[in-house]
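K.L.:
Here is my input, please return the structure:
(3 chains)
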Amino acid sequence: MYSEEIEVRTGARETVRDITGECTRFVQGADAPDGLLHVFVPHATAGVAIIETGAGSDDDLLAQLRELLPADGRWSHRHGSPGHGRDHVLPALVAPSMSVPVLGGRLALGTWQSVCLVDTNGDNPSRKVRLSLLGG
Amino acid sequence: MYSEEIEVRTGARETVRDITGECTRFVQGADAPDGLLHVFVPHATAGVAIIETGAGSDDDLLAQLRELLPADGRWSHRHGSPGHGRDHVLPALVAPSMSVPVLGGRLALGTWQSVCLVDTNGDNPSRKVRLSLLGG
Amino acid sequence: MYSEEIEVRTGARETVRDITGECTRFVQGADAPDGLLHVFVPHATAGVAIIETGAGSDDDLLAQLRELLPADGRWSHRHGSPGHGRDHVLPALVAPSMSVPVLGGRLALGTWQSVCLVDTNGDNPSRKVRLSLLGG
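P.N.:
Below is the predicted model:
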């Protein structure tokens, strides 16, 4: 298994950060024709999603996560910013683990799919992401 | 890695389509005793879930997704049918990637588990699904 | 692929059961330096999540799942305890499949991450979990 940890800037606000470019460069560097790319976030308040970016769905996702996991006083996990407990429930719904097929040395994503880091936690402006390629 | 893209008919309405039969046939054709079956949907408005089918839970899932991701005017991603923006958020909650162990040449699913394509987008009556088998 | 099915006690109430210890022991027994640990629950009413445990987020997750999937009369899947239909929708949101990188013979989890069995179904006090290691 070829594996590498990269650093991704997510900033001080909640964000959906497209990391397809980073994944593509990693797969090219791995130089394996076929296999499975595994994307893993070693953090307890972030997840990985594959969605379309650049047409409003990234903001739609963050807005709907505010509905599904409100940043209010309901959470028993209390530290950091108000409502931060929601960030710790997020990975149960948007898991920190995602796999994408690699074929002919390229990510086999659909036309409108992007690999994204979903990070509702503005207290961590930078995140680690582990990329691994399991050869076939 | 043995990999194949299949075409799945999902029709013009939102649907939970059981593709366990397709997965089983693929695994038999792959002729590998042990490994991991990876199911991937290369579309931005569908996901893969493992649930029980045929006892109401497929309809329950679609009904509850209408509650969690309402087909109303809240979405900033606007094109296609009204409320279509919800279909683009769906894959963040029901991911397009799923893995199932293969043992002795058979899917190691539990008795009541079925691999399902979850497609709330009625505008695409047919979908591609990529099946891959990583040998052990 | 090295694979093993373990039995996990979940008790008669809904629970988030930390199985990181079980995963660690399995990986040590597999004696492979690098690869991917795959955790799979062969049940239709449970899922796997990676969250922080012991600081309230396990209870927060169960509480929020009661909001997102209420144990009321809405479900068409009816058998067992009242509201049990929700347990059958759970795996669509908290999937029964999860992968974690293994590096140098150790799980590459982040500091605050634990692998957890999420089981809202109190009718099954014991659960099977299949652990598999795909070598690199």
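K.L.:
residues contacting the spatially closest residue to A:P91 that is not a sequence neighbour?
P.N.:
Distances taken as CB to CB, 6 or more residues apart in numbering or on different chains put A:G47 closest to A:P91, at 5.0 Å, once the chain neighbours are dropped. Quick note: C-beta positions are derived from backbone N, CA and C, even for glycine. For A:G47, the contact set (CB atoms under 8 Å, 6 or more residues apart in numbering or on different chains) comprises A:V41, A:L90, A:P91, A:L93, A:V94, A:A95, A:P96, A:L117, A:V118.
K.L.:
For the residue lying farthest from the centre of chain A, give me its contacts.
P.N.:
Most distant from the centre of chain A: A:G73, at 25.8 Å, with distances by CA atoms, centre = their mean. Residues near A:G73 by CB under 8 Å, 6+ apart: A:P82, A:G83.
K.L.:
same deal with A:P101?
P.N.:
So A:P101 contacts A:G35, A:L36, A:L37, A:L107, A:A108, B:M1, B:S3, B:H38, B:F40, B:R130, B:S132 (CB under 8 Å, 6+ apart).
K.L.:
quick one: contacts of the helix or strand harbouring A:E4?
P.N.:
When elements are assigned from DSSP states H and E, A:E4 belongs to strand A:2-9. Outside strand A:2-9, the residues within contact range by CB under 8 Å, 6+ apart are A:17, A:19, A:22, A:26, A:29-30, A:32, A:42, A:117, A:125-133, A:135, C:34, C:101, C:103, C:136.
K.L.:
ok now it, how far from the chain's centre?
P.N.:
12 Å (CA atoms, centre = their mean, to the nearest Å).
K.L.:
so how far is chain C from the residue nearest the centre of chain A?
P.N.:
Chain A has A:L117 as the residue nearest its centroid, 2.3 Å off, counting by CA atoms, centre = their mean. With distances taken as CB to the nearest CB, to the nearest Å, A:L117 is found 13 Å from chain C.
K.L.:
Can you tell me the closest non-neighbouring residue to that residue?
P.N.:
A:L117's closest residue in space is A:R17 (CB to CB, 6+ apart), at 4.4 Å.
K.L.:
Tell me where the model's unsure across chain A.
P.N.:
A:136 (pLDDT under 70).
K.L.:
Please enumerate the strands of it.
P.N.:
For chain A, the strands defined by DSSP state E occupy A:2-9, A:15-18, A:35-40, A:47-51, A:97-103, A:106-107, A:114-119, A:126-135.
K.L.:
Let me have those strands in CSV, extended by distance to A:S57.
P.N.:
Conversion of the strands of chain A to CSV gives the following (distance: least, CB to CB, whole Å):
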stretch, distance to A:S57
strand A:2-9, 19
strand A:15-18, 8
strand A:35-40, 19
strand A:47-51, 5
strand A:97-103, 17
strand A:106-107, 19
strand A:114-119, 10
strand A:126-135, 20
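K.L.:
Relative to A:A63, which of those is closest?
P.N.:
strand A:15-18 (10.8 Å; CB to CB).
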